[in-house]
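> Sequence below, structure please.
(one chain, ligands or ions: 1)
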Amino acid sequence: MIPTEREILAVHKDAAPSREAFELVYEHCQIVWSVASQFLTGLDVDGDLVRAGALLHDVGVYRVGTTAYIRHGVLGHELLAGLGFSEPICRFASHHTGVGLTRDDVLQQELPIPVADYLPETREEELVLYADKFHSKRTPPVFLSGDTYEATVARWGADKAGIFADLRRRYGDPVLDALTAKTGYAVI
Ligand SMILES: [Fe+2]
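This next block holds a predicted model:
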């Protein structure tokens, strides 16, 4: 039920519209897995599920095209469901945006996605969502410190900043030194 890394790589290669898109998104997914793996010790979670979720969470980015980027979550869910992946795998795509979208967020911000709650429901989903916040696919890609992301998310409301602060309290900030050395991307 949980895809192997080889199967996941094939999903990326088949879905990516270009070599550049593949390299950007696949590297980001590997970084998110590397960050998430730092939090697994001592937790009662399925590490293989976290790995698959982290490595697949952003495949919807390949489908965004000229539509709104916020749609990448639901597009990824659709893509994975279309390939026959189970709901727990598909949900990593649709439930990792920000610190979790509520139906109120969708309505108030008029987001172009179906009106629903997109909040992590399992520890595995929460870990992928959290780890994702520490790396950005901007040009050039960067790592974000916990403080930087917390300041960024505060723009969406004190409640969002509070949710992120709570995640930081529970999991701690990741150690990014090895990843910055390996990739050359700065921490901002
Ligand atoms: Fe991501």
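> Spatially nearest residue to residue 112, not counting backbone neighbours?
Among residues not flanking residue 112 along the chain, residue 68 sits closest, at 5.0 Å (Cβ to Cβ, 6 or more residues apart in numbering). In this view, the C-beta of every residue, glycine as well, is placed from N, C-alpha and C.
> Next up, phi/psi of that neighbour, please.
Per-residue torsions, residue 68: phi -60, psi 140 (degrees, to the nearest 10).
> For the most centrally placed residue in the chain, give its distance to residue 28.
For the chain, the residue nearest the mean C-alpha position is residue 132 (4.2 Å; Cα atoms, centre = their mean). Distance, residue 132 to residue 28, using Cβ to Cβ, to the nearest Å: 8 Å.
> residues shared between the contacts of those two?
Taking Cβ atoms under 8 Å, 6 or more residues apart in numbering as the contact rule, residue 132 and residue 28 both touch residue 58.
> State the distance from residue 45 to residue 128.
11 Å.
> Please apply the same query to residue 154.
In this view, residue 154 and residue 128 are 22 Å apart by Cβ to Cβ.
> neighbour-wise, which of these two wins?
residue 128 (30 against 15; other Cβ atoms under 10 Å).
> Who are the contact partners of residue 146?
Applying Cβ under 8 Å, 6+ apart, the residues contacting residue 146 are 134, 168, 173.
> sorry, back to before: the residue nearest to residue 112 and residue 109 touch, don't they?
No: checked against Cβ atoms under 8 Å, the pair residue 68 and residue 109 is beyond contact range at 10.8 Å.
> and this protein, which residues reach the ion?
Contacts of the chain with the ion, taken as Cβ under 5 Å from the ion, map to 58, 132.
> Going by residue numbers, what spans are strands in the chain?
With DSSP state E, the ranges of strands along the chain come out as 135-136, 142-143.
> Who are the packing partners of the last one?
When contacts are defined as 3 or more Cβ pairs under 8 Å, 6 or more residues apart in numbering; DSSP states H and E, strand 142-143 sits against strand 135-136.
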